[in-house]
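# Okay, structure incoming, though there's no sequence with it:
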């Protein structure tokens, strides 16, 4: 059996790195605390999951504002969307990949793109090939 060598850049983010991450160009977001798809939970459990997840990220980042939300597993419905809005988030992402239509979009159901360990040119190429919605 071969040995697995961990590279430092592949390890989870440290608390110090999390505190340094937010900036003018980088905003923090959270998931639900349990990562259970929100529509599978009763309303009060959803509310708690959304709020506790936000608190966890704020704690890790040294109290920085957590402005965004990613629906766990990309699953959401109107009630979940309303709870995210009511919790004070400024935006939320779902799991499908697409370009944002600037004339018509819902900032609480924004598409997102999965990104790998890519170079800048590879990321730009992937962005150019996103489907329109």
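Ah, there it is. What you are looking at is a predicted structure, and each value in this text was computed from that prediction instead of being measured.
# If you count neighbours, what's buried in the helix or strand harbouring residue 53?
With elements taken from DSSP states H and E, the one containing residue 53 is helix 43-60. When burial is assessed from 16 or more other Cβ atoms under 10 Å, helix 43-60 yields the following buried residues: 46-51, 53-54, 57, 60. To be clear about C-beta, it is placed using only N, CA and C from the backbone, and glycine gets the same treatment.
# So, low pLDDT: which residues of the chain?
Segments of the chain classed as low confidence (criterion: pLDDT under 70) are 1-6, 9-10, 133.
# Please state the offset of the longest strand anywhere in it from the chain centre?
Ranked by residue count, the top strand of the chain under DSSP state E comes out as strand 66-70. Averaged C-alpha coordinates place strand 66-70 at 6 Å from its chain's average position (Cα atoms, centre = their mean, to the nearest Å).
# Please consider this matter closed, and thank you.
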